[in-house]
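# Model the following, please.
(2 chains)
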Amino acid sequence: MRILALLILAYTPFLYPLPIWDYWPWLLIPLTAGVAIVYKSVKCQSMRQVPREALVIFVWILVGMAAAAGALAGVVRFVVER
Amino acid sequence: MPTRPADNVINSSPPVVALAGWVLPGLGYWLIGQRGRALACGLTILIVFLGGILIAGVRVVQAPDMTGPGNTFQRVLQRPWFIGQVLTGPMGITAAMISDKLAASPTYRDIETKARLAEIGTLYTAVAGMLNLLTIIDASHRAGRVR
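Below you'll find the predicted structure:
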């Protein structure tokens, strides 16, 4: 705990890595949002459609990632570790 | 009263639009008068790239060592993610230059992220570049239609 506090005090943004080692799976969310916004901005004819379309594809990517993670965890547990 | 897209067109030459899109993400769309698309794509790509550097530190952008052994192709393949990162334009090149300077500095040379955070930072910065490639291709294609 003390080491973590010292690391946070010494932290300089953009030079040191962000002290979020235990929360790395959550970093999928901003990247997915970025990909969804740019992809739909390129794809949609009108920019009015983008917020709704980007939200839909954002949710679908997260659902797909969660399904892939579940399937891979199942393979590891029931095939590799057996 | 909304202006027609054609009123905002500054330059619609596809090569100029492609180059502008590489120099600053979203600038290609801006030149062909698609301001909303320019801001949405440009700001998102910028945030994703800077997010990658924020997560893993600037040392995550590393240019290949072109003085090393092997031919040019082999040297580039030592750090293949830089191909994606350099597609963000001068922003990616500047980050690589800062990273090189830090690697040569006795104070900062040991500060280099490893393992998961390095992978995630690399992924963010390279995906930002690949998204910019997508916008460059789309903007120059739309520029051809504007003409």
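# need the residues of chain A near chain B, please.
For chain A, the contact set with chain B under Cβ under 8 Å from any Cβ of the partner chain comprises A:13-18, A:20-21, A:24, A:27, A:30-31, A:34-35, A:37-39, A:41-42, A:47, A:50. Where C-beta positions appear, they are placed from N, C-alpha and C, glycine not excepted.
# What is the burial count for residue 44?
Went with chain A since none was named. Number of residues near A:Cys44 (other Cβ atoms under 10 Å in any protein chain shown) recorded here: 16.
# think we crossed wires, I meant chain B
B:Thr44: 24 surrounding residues under other Cβ under 10 Å.
# surely it meets A:Ala36?
No. At 9.2 Å, B:Thr44 does not count as touching A:Ala36 under the criterion of Cβ atoms under 8 Å.
# residue closest to the middle of the chain?
Assuming you mean chain A. With distances taken as Cα atoms, centre = their mean, A:Leu28 lies nearest the centre of chain A, 0.5 Å away.
# hmm, I had chain B in mind actually
Residue closest to the average C-alpha location in chain B (Cα atoms, centre = their mean): B:Thr88, at 0.8 Å.
# Distance of it relative to B:Leu31?
Remark: distance between B:Thr88 and B:Leu31 (Cβ to Cβ, to the nearest Å) = 18 Å.
# what about the longest helix in the chain?
Let's take chain A. The longest helix of chain A (DSSP state H) is helix A:50-75.
# I was thinking of chain B, sorry if that wasn't clear
Max-length helix for chain B by DSSP H is helix B:115-146.
# packing partners for whichever strand or helix holds A:Lys40?
A:Lys40 belongs to helix A:28-43 when assigned by DSSP states H and E. Applying 3 or more Cβ pairs under 8 Å, 6 or more residues apart in numbering or on different chains; DSSP states H and E, one finds that helix A:28-43 contacts helix A:50-75, helix B:35-56, helix B:115-146.
# Can you tell me which of these is nearest to B:Pro14?
Shortest distance between B:Pro14 and the helices and strands packed on helix A:28-43, using Cβ to Cβ, is found for helix B:115-146: 4.1 Å.
# gap between that closest one and the chain center?
The chain centroid and the centroid of helix B:115-146 are separated by 6 Å under Cα atoms, centre = their mean, to the nearest Å.
# Check which helices and strands that helix is in contact with.
If you count contacts as 3+ Cβ pairs under 8 Å, 6+ apart, helix B:115-146 packs onto helix A:28-43, helix B:14-23, helix B:27-31, helix B:35-56, helix B:81-86, helix B:90-104.
# Can you mark which positions in that helix are buried?
Neighbour-count burial for helix B:115-146, counted by 16 or more other Cβ atoms under 10 Å in any protein chain shown, picks out B:117-118, B:120-136, B:138-140, B:142-143, B:146.
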